[in-house]
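Visitor: Just need the structure, nothing else, for what follows:
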Amino acid sequence: MNESDNRNNGSIHGNRDRKEDEDGGDVGREAAEKVAGLLERCKALQDAANTHSARIKYDSQILSQQATSVVADIKNVRSFINSAQDEINPRLAEKEDLFRARSMVYEGDAASLLPAKPNGYFLSTLLGPVNVRAPRNDVRLKVKEEYNSYRDRTAILFLAFPVILLALKNWCWNGCFPALPVQLYQAWLLFFYTSLALRENILRVNGSDIRPWWVYHHYCAMVMALVSLTWGLQGHPSCIRKQQGVRLFLAWAVMQGIAMLLQNRYQRQRLYTRIALGKAGRMDVVWGETSGVKGQIWVLYPLLFLLQIFQFSIGALLLRTSITEDESEWQMVACGLLLLIMAVGNFSNTVATVVAKAKIKAKMKQTKHMIQRMSSPGLR
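Guide: A predicted model of the protein is given here:
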């Protein structure tokens, strides 16, 4: 009885194992067929993507040649108009059409077809050989708007940091700055100017009209912030005398923060107006410490010139102190020279901006007067 039961149980288990093997084989074959089908689809997708990429590359090369040819023609037409300006009628519409044609090429999606500008040493050092040029116009505009938003946010911090330090010096620190808060502020300045220089280099690669000095100014400010981090503020019998340059620099930073807030508020509105009138490109940005706009002559320009004179005086004071003091430090000489360089560069660029604006305004008045004379009934 037991042997018969054992034989039956063995037969049942054997049949079950064979069925499980058959079911497992069917599942395995089904899985293998699915994997093989998926592999074929991936190969077909890869081939289609390669064909698509090759077609895009070919079309891009053709369009790039056309864009380069159009840019050369625009430059030739502009040179012809400028050289024959005295012999042809100074029609304002022709110049506006030429500017509009240039904007279509440089500020639309066709800009990605033009030869890319080199990244420069700064971008190559920080990012390596990475292409930072945006492929589409909307992406480039987002980069510009993010730059403007960043300037708005940091302008408030630029003003708040020195105000807080100067207030705490008198209220909590008995007239002398501790080293740590000032070094934290200098570290933030190093980050601030480095990030601005990085963003501005990326904007220049993407077609923004940023003056080179504006970027070089930030390089100098980066070096000065780095040098200031190594400058010891304590260890002198008279901390008030040793920290005179720090107090003056913080006072200058307060004025600079106010100027940045004014520029971010008023010049941005003026820039948008110029873009709407076709007098500026959509990728142009506010230049910074060296520019003003119409209506701000009696507010912004005097503040800018005062800032530059104050900056020059701080640099001269640091250099004079390094000469007269017996225990002068190399950081004092380095910061003094950098402040003088930045002050002179800012002043010369501000004067150049004022002169350029005056020439443009006089030229526009002359052109308008000539058009009015030619359109008067007596001259027809």
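
Visitor: quick one: low-confidence parts of this protein?
Guide: Along the chain, segments meeting pLDDT under 70 span 1-26, 84-96, 107-108, 233-238, 240-242, 266-299, 326-327, 360-361, 363-380.

Visitor: again, 50 this time
Guide: Low-confidence segments of the chain (pLDDT under 50): 1-2, 90, 288-294, 379-380.

Visitor: Helices along that one, start to end?
Guide: 2-83, 92-107, 120-127, 137-171, 179-205, 212-229, 239-242, 244-262, 268-276, 300-324, 330-375 (DSSP state H).

Visitor: Out of those, which is closest to residue 114?
Guide: Residue 114 sits nearest to helix 2-83 of all the helices of the chain, at 5.5 Å, using Cβ to Cβ. C-beta coordinates here come from the backbone N, C-alpha and C atoms, glycine included.

Visitor: Neighbours of the closest residue in space to residue 109 that isn't next to it in sequence, how many?
Guide: Leaving aside its sequence neighbours, residue 109 sits nearest to residue 137 (Cβ to Cβ, 6 or more residues apart in numbering; 5.1 Å). By the criterion of other Cβ atoms under 10 Å, residue 137 has 18 neighbours.

Visitor: quick revisit: next, format the helices of the chain as a markdown table and append distance to residue 113.
Guide: Converted to a markdown table, the helices of the chain look like this (distance: least, Cβ to Cβ, whole Å):
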| stretch | distance to residue 113 |
| --- | --- |
| helix 2-83 | 4 |
| helix 92-107 | 9 |
| helix 120-127 | 21 |
| helix 137-171 | 12 |
| helix 179-205 | 15 |
| helix 212-229 | 25 |
| helix 239-242 | 58 |
| helix 244-262 | 36 |
| helix 268-276 | 22 |
| helix 300-324 | 39 |
| helix 330-375 | 31 |
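
Visitor: ok, the residue nearest to residue 109 touching residue 111?
Guide: Yes - using Cβ atoms under 8 Å, residue 137 is in contact with residue 111, at 6.9 Å.

Visitor: tell me the phi and psi of residue 178?
Guide: Per-residue torsions, residue 178: phi -70, psi 160 (degrees, to the nearest 10).

Visitor: burial count for it?
Guide: A count of nearby residues for residue 178, using other Cβ under 10 Å, gives 15.

Visitor: Relative to residue 204, how far out is residue 117?
Guide: To residue 204, residue 117 is 7 Å away according to Cβ to Cβ, to the nearest Å.

Visitor: And these two? Which one has more around it.
Guide: Ranked by neighbour count (other Cβ under 10 Å), residue 117 and residue 204 place residue 204 first, with 21 against 13.
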